[in-house]
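A.B. asks: Only the shape, not the letters, is given here:
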């Protein structure tokens, strides 16, 4: 039996297959994962998602398991350590963005707002299931524009609309699996 997956997924990479089958388009409500994915999508800007997936474990180790409290307290020595780490994308702006995002996230939490409640409020708690012609997914939508703008107002960095739409797909706020994908037929 032939298994058909979305056309974008690299079937030669086991990490990619696992990500496609078990995460992409699957609703996520775990705070740490939501924070991790926001930062990884930002790190992906200008690169392939496969590059980030291949570095994901190193990112988790380098960024203290995505503990926002620890990241928010990073000093210049820790930034230098990160920028010297070949296992992550060594871009000064992207590293600084993760620290800024940790601070913005903690500010939300101090206001009594979880990332989960905040994000899922944009879709009334239920994923948007799209039916795009295969391979014709948009890079951004009006919803990703609104979410991007609001995240920016809250102090988050590397949250442009295209990044945010990929984020929404990655955490399952949007399900854009191809029409003939095995994950779509599981619904």
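C.D. replies: Yes, it's here. The structure presented is a predicted model; accordingly, all values stated were derived computationally and were not measured.

A.B. asks: got the residue ranges for the strands in this protein?
C.D. replies: 128-129, 174-175 (DSSP state E).

A.B. asks: just the ones you listed: most buried one?
C.D. replies: Highest mean neighbour count among those (mean count of other C-beta atoms under 10 Å): strand 174-175, with a mean of 20. For glycine as for every other residue, the C-beta is placed from the backbone atoms N, C-alpha and C.

A.B. asks: Just give me how far it sits from the chain centre.
C.D. replies: Remark: strand 174-175 is offset 13 Å from the chain centroid, using C-alpha atoms, centre = their mean, to the nearest Å.

A.B. asks: picking up where we left off before, want to throw the strands of the chain into a markdown table with mean pLDDT and distance to residue 62?
C.D. replies: Formatted as a markdown table, the strands of the chain follow (pLDDT from 0 to 100; distance: least, C-beta to C-beta, whole Å):
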| stretch | mean pLDDT | distance to residue 62 |
| --- | --- | --- |
| strand 128-129 | 94 | 33 |
| strand 174-175 | 95 | 28 |
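
A.B. asks: Which of those strands sits closest to residue 11?
C.D. replies: Residue 11 lies closest to strand 174-175 among these, at 19.9 Å (C-beta to C-beta).

A.B. asks: Show the pLDDT at residue 30.
C.D. replies: Per-residue confidence at residue 30 stands at 98 (pLDDT).

A.B. asks: er, residue 133 actually
C.D. replies: 81.

A.B. asks: Now do the same contact list for it.
C.D. replies: Taking C-beta atoms under 8 Å, 6 or more residues apart in numbering, we find residue 133 in contact with residue 179.

A.B. asks: And it, how far from residue 183?
C.D. replies: Per C-beta to C-beta, to the nearest Å, residue 133 is found 17 Å from residue 183.

A.B. asks: Likewise for residue 118?
C.D. replies: 26 Å.

A.B. asks: From residue 19, how far off is residue 25?
C.D. replies: Distance from residue 25 to residue 19, by C-beta to C-beta: 10 Å.

A.B. asks: To clarify, my last question referred to residue 11.
C.D. replies: In terms of C-beta to C-beta, residue 11 sits 12 Å off from residue 19.

A.B. asks: Look at the two and report which has more neighbours.
C.D. replies: residue 19 (19 against 10; other C-beta atoms under 10 Å).

A.B. asks: just checking, that one touches residue 53?
C.D. replies: Yes. The pair residue 19 and residue 53 passes the contact test of C-beta atoms under 8 Å, sitting 5.7 Å apart.

A.B. asks: where does the protein have low pLDDT?
C.D. replies: Where the chain drops to pLDDT under 70, the residues are 1, 134-135, 185-187.

A.B. asks: where exactly do the helices run in it?
C.D. replies: 14-22, 31-44, 49-62, 68-72, 76-83, 92-110, 115-121, 142-153, 161-170, 182-185 (DSSP state H).

A.B. asks: got CSV for those, with distance to residue 7 too?
C.D. replies: Putting the helices of the chain into CSV (distance: least, C-beta to C-beta, whole Å) gives the following:
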stretch, distance to residue 7
helix 14-22, 11
helix 31-44, 19
helix 49-62, 14
helix 68-72, 35
helix 76-83, 34
helix 92-110, 28
helix 115-121, 27
helix 142-153, 21
helix 161-170, 14
helix 182-185, 12
